[in-house]
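Visitor: using only what follows, build the 3D model:
(chains A and B)
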2 protein chains.
Amino acid sequence: MAEENTRSLDIAELIRRHPAEIAEILAALREEEAVELLRRLYLRRAAAAPLGEMEPEEAARLLAELNREDAAHILSHMEPDDAVDLLAELPPETVRDILSRLETQEAKELGELLSYPPDTAGGLMSTEVVALPADMTAEEAIRELRARAEEAETVYYAYVVDDRGTLLGVLSLRDLVLARPTTPLRQIMNADAVTLPVTMDVEEVAHLFDKYNFLALPVVDENRKLLGIVTIDDVIDVIREEATEDVLRLGGIPAGEEHPLDPPLSSVRKRLPWMMAYILLDLAIVAVVAHFEQTIAQITFVASLMPLIADMSGNVASQALSVAIRGIATGEVQWSDLPHVMRKELLVGILNGLMLGAEIGLITFLLWRKPLFGVVSAVALMGNTIAACFVGGALPYVLKRLRLDPAMVSGPVATTVADITGFFLFLGLATAFLPYLT
Amino acid sequence: MAEENTRSLDIAELIRRHPAEIAEILAALREEEAVELLRRLYLRRAAAAPLGEMEPEEAARLLAELNREDAAHILSHMEPDDAVDLLAELPPETVRDILSRLETQEAKELGELLSYPPDTAGGLMSTEVVALPADMTAEEAIRELRARAEEAETVYYAYVVDDRGTLLGVLSLRDLVLARPTTPLRQIMNADAVTLPVTMDVEEVAHLFDKYNFLALPVVDENRKLLGIVTIDDVIDVIREEATEDVLRLGGIPAGEEHPLDPPLSSVRKRLPWMMAYILLDLAIVAVVAHFEQTIAQITFVASLMPLIADMSGNVASQALSVAIRGIATGEVQWSDLPHVMRKELLVGILNGLMLGAEIGLITFLLWRKPLFGVVSAVALMGNTIAACFVGGALPYVLKRLRLDPAMVSGPVATTVADITGFFLFLGLATAFLPYLT
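Guide: Take a look at the predicted model:
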C-alpha cells in the first residue's frame, strides 16, 4: 500500500470505492503524495467523505496543507461531528480563519459543537438531526425524511419537538413505516425515550448504547431542548479507543496514545518520563536491600533469588490489576463492591502465595539443599504474592474514586509494595536465621 | 441491588422495564431468588427477552433450574442467536432433551446454528432475516416487513434472493422508503453489497463493521446462499470482549476470562498455572546470578541494585508490548511492517536506554560515590532497556504469525531476555572491574 504511487492511481476508479478505503490509501501514502491525492479528490468533489473516515489527527495534518478556501469548502461537506473532530486538531487561528470562510449558519453550528468538551455527549454528537412537529402525519414524516435523506446523519430515527425545539418524543423509521399513513406523530412517538444530557461522559454514553442496543440517541440540554444526535458508529469508535487506552496505560503509556509505527522520538517522549519516575520509586527497594548488606555478604546465595522475587511481584500484581481495570472499564464493579473485591484478592493472594511459596521452597531446597533456606524463600514469595494481589486488585478502585489514573499508577505502586514486603521477609528472615544458614 | 427481595418486586411494574434492566436484576439476585423470579416472569410470558440480555453462562445456569418443557418454551421465544449462545453453555444431553421438545423447524434451525463455531460469522448470526423475491415491489416489501416486524432481528435491512435462496442483493428500509412504491426490488437493491462468509473469524467481522459503519451484514455460504444476518449489537459485544481479553492476557490471565467478582477458587485456577510457569522461566536468571556469586560476595553493594534492574526489565518490556498488542488488535500493523517495527523499537530502546542508564548511573554515583560503579550500572540498565524494548515490541508479531498467543507469552519472555542481558552486563562488568570496585 505504502508503495502505491498517486500518479498511477486512476482517480475515476478510486472515487467509486468506499470512502473508508480511500481513507486507508490516504493514510498509507507519504504526506506530500497524500496531499496531492487529496487535491485531486477535491477537484472531483470527493474529498470530504474520506477525510471523515480518517483519524482526525491525520486528516487535520492533510487539510492544513490545502489553501484555506478549499479547506473550508471540504469541511462544509463533511458530517458536522467529523468536521469538529478535525477542527479540534488544528491551531485556534487556523480554525478561526476557516470558520470565517463558511456560511454564517454553518460556522455558528460548528462553533457551537467545538465548544463542547470532546469527551462528552456534546462532543460526540452531530447536529444534522431530523426534528418534526407533533401534528405531522406518518406519511408526511416519511416524505420529509425522504427529502432530507442526503444531509441527515441517520434517517432511522426522527425526533418530535414543539415550536421551541423541546424534545417531545422519539420515532423510528420502523415505527413510521409500520403506522397507518394518516396517524399524527404524537400518537406513534415514544414519549419517554432515553436521552443523553449534553454533558454526559462519553464512557457513560458507550455503556448506554452497549446495554440497550440503541442505533442512535438524542442529545438534549438541561431544558430538554434537542441539540443533536449520537449514532452507534461514533460510539464504536469510543469503545475501541477506550479499550486501546486501557491496554496502553496498563502497559505504562499515558493517554496521548502511541501507535506502533509512530516515529521513534515521539515514542521516546511518551515512554521515557514514566520509566524515569519508576526508577525513583524503585529506590525504596534499593534501600531495603542495602539495609541487609551484611547478611548478603555472609550468605551470598540469597542474592541469586532476589531478581526472581522482584519479577514475581510484577507478574502477580499485573494479573490482579488487569482484572480490576476491566472491571472498572465495563462498569461491572462499583465502589460499594470494594470490600468484596478486597476479601477476594486477599484470599486469592493467600492461596496462590501458598502454592508459589511451596514451588520456590522446593526449588530452593533442591538447588542449595538447605531446608531452612527453602522455608525462608517460601515465606517471602508468599508474602509478596499476597501484597501484590491485594494492592494490585484493590488499589485501582481507590485511585479511580480519587479521580487518579488507576492503570498507570497501580502497577508500579503494587509492584513496589510487593517488593518491599517480599524483600523484608526474605532478607529479614535470612538475617534472623543467619547462624543456621551459613 | 443484591439485597432486593424477589417477593417485594412488583412483577407488573417490573415487566414494563427494559429487558436489559430485568437482566441486571436477575444477575444481581442470589441463584434461588433469580430462578424464582424467572418462573414468575415466565408465567407473564416475559422471561425470554431478559434471558437474551444476560451473559449466556449465567442465563444457562438459571434456565437449567427450570423444568425442560418450560425451558424449551422460553428458548423458542428468544432471538435464535441468543438462544444458541445459551444452549452452547449447557451439557449436550440437556441440549438434546430441550431441542426434542421444540417444533421440528425451530429445532432444526437451532441445531444448525449450534454447528457453527462460536468465533465465526456463523456462530454470531441470527437466522431471522427477511428474504424477498426480486420482482416484489417496494410497496409490497414494506407491507411484508410490517407483517414480520415482530420476529425479524432487524427490519432495517432486507435481502433479495432467487428461488434457491441465493443472495441477489441488499435493501435498506431507507432505500425502500425513499423509492417509488411500484419499483421492483431488483431496481432498488444493491447487487454488490458486502457479505460475510459463514466461516469468517469474528474479529475480522468486527473490523468490517468498524471500518464501514454497517448496521447489519448478510451471512452467506460458499455458493452465496443466504444463511443469516449479523447485526451491530452482536458486534459491539465482540469488540468489548476482544478488548477485555487483550487486557487480561496482557496482565497474564488466559482466554477463559476472569471477572472481578468471580469466586476466589475460580480466579486461583485461572491465575496460578501461569505464575508457576513464570517461576520456572525465572530460573534462568537465578542461574546467571548464581554464576557471579563470588563477585557479589566481594562487593555486596551490587546486590542492592539487582531488584531494580529486574523491575525495570518488566516495566520497559510492558510498554513496548502494550503498543504491539494494540497494533495487532486494531490491524494497524501487518507482518510486512515487522522490519519497520524492529528498527523503531531498537532505536527507542537505545534512546531510552541512554537516558535511563544516565539516570541510574548518576543515582548510583551519588549513593556509593564510586564513578566506575555508576558506569557499570548505566551500561547494564541500558542493555536491558534495549533488550526489553526490542523483544517486547517485536516478539508479539512473530508469535502472532506462528499462531501463538502474543500477549501471554511475549511479556515473560521479553522480561527474562532483558533480565539475562542486564544481569550479564551488570555482574559481568562488575567482575571485570572487581579490583577497582572493592
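
Visitor: can you give me the end-to-end distance of stretch A:133-143?
Guide: Using C-alpha to C-alpha, to the nearest Å, the end-to-end distance of stretch A:133-143 comes out at 14 Å.

Visitor: tell me how many other residues surround A:Ala294.
Guide: You called it Ala, but residue A:294 is Gln. A count of neighbours around A:Gln294, defined by other C-beta atoms under 10 Å in any protein chain shown, yields 11. (Each C-beta comes from the backbone N, C-alpha and C, glycine too.)

Visitor: now it: how far from B:Met342?
Guide: 45 Å (C-beta to C-beta, to the nearest Å).

Visitor: repeat for A:Val177
Guide: On the measure of C-beta to C-beta, A:Val177 and B:Met342 end up 56 Å apart.

Visitor: which of the two has more neighbours?
Guide: Neighbour comparison, A:Val177 and B:Met342: the larger count goes to A:Val177, with 19 against 15 (by other C-beta under 10 Å).

Visitor: in this structure the more buried one contacts A:Glu139, no?
Guide: No. If you go by C-beta atoms under 8 Å, A:Val177 and A:Glu139 don't touch, sitting 10.6 Å apart.

Visitor: where does the prediction get shaky in the stretch 1-150 of chain A?
Guide: Low-confidence segments of the stretch 1-150 of chain A (pLDDT under 70): A:1-9, A:149-150.

Visitor: return the residues of it in contact with chain B.
Guide: Residues of the stretch 1-150 of chain A lying near chain B by C-beta under 8 Å from any C-beta of the partner chain: A:His18, A:Ala20, A:Ile142, A:Leu145, A:Arg146, A:Ala149.

Visitor: the second one: what's it in contact with?
Guide: So that's A:Ala20. Listed by C-beta atoms under 8 Å, 6 or more residues apart in numbering or on different chains, the contact set of A:Ala20 reads A:Pro50, A:Glu53, B:Lys211, B:Tyr212, B:Asn213.

Visitor: show me how to select, in ChimeraX, the buried members of those residues.
Guide: The ChimeraX selection below is limited to those of the contacts of A:Ala20 classed as buried (16 or more other C-beta atoms under 10 Å in any protein chain shown):
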select /A:50,53 /B:213
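
Visitor: how about the helices in the stretch 51-200 of chain A?
Guide: Secondary structure of the stretch 51-200 of chain A by DSSP state H, counting those that start in this stretch: the helices cover A:56-63, A:68-76, A:80-87, A:92-100, A:104-114, A:121-124, A:138-148, A:173-178, A:185-188.

Visitor: turn the ones you listed into CSV, including distance to B:Thr104.
Guide: Output for the helices of the stretch 51-200 of chain A, formatted as CSV (distance: least, C-beta to C-beta, whole Å):
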stretch, distance to B:Thr104
helix A:56-63, 54
helix A:68-76, 58
helix A:80-87, 49
helix A:92-100, 64
helix A:104-114, 55
helix A:121-124, 48
helix A:138-148, 39
helix A:173-178, 31
helix A:185-188, 38
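
Visitor: closest one to B:Ala277 among those?
Guide: Checking the helices of the stretch 51-200 of chain A against B:Ala277 by C-beta to C-beta gives helix A:56-63 as the closest, at 40.6 Å.

Visitor: quick one: list the elements packing against that closest one.
Guide: When contacts are defined as 3 or more C-beta pairs under 8 Å, 6 or more residues apart in numbering or on different chains; DSSP states H and E, helix A:56-63 packs onto helix A:19-28, helix A:31-43, helix A:48-53, helix A:68-76, helix A:80-87.

Visitor: and with 10 Å instead?
Guide: On a contact count with 3 or more C-beta pairs under 10 Å, 6 or more residues apart in numbering or on different chains; DSSP states H and E, helix A:56-63 meets helix A:19-28, helix A:31-43, helix A:48-53, helix A:68-76, helix A:80-87, helix A:92-100.

Visitor: and A:Gly374, how many neighbours does it have?
Guide: For A:Gly374, the number of neighbouring residues by other C-beta under 10 Å comes to 21.

Visitor: which of the helices or strands spans it?
Guide: Here A:Gly374 sits within helix A:371-401, counting by DSSP states H and E.

Visitor: for that helix, what is the average pLDDT?
Guide: Per-residue pLDDT over helix A:371-401 has a mean of 93.

Visitor: follow-up on the earlier one: most neighbours among the residues of the stretch 1-150 of chain A next to chain B, which one?
Guide: Compared across the residues of the stretch 1-150 of chain A next to chain B, A:Leu145 has the highest neighbour count, 22 neighbours, by other C-beta under 10 Å.

Visitor: ok, it touching A:Tyr159?
Guide: No. With contact defined as C-beta atoms under 10 Å, A:Leu145 does not reach A:Tyr159; the gap is 11.6 Å.

Visitor: any common contacting residues for these two?
Guide: Residues touching both A:Leu145 and A:Tyr159 (C-beta atoms under 10 Å, 6 or more residues apart in numbering or on different chains): A:Val130, A:Leu132, A:Leu171.
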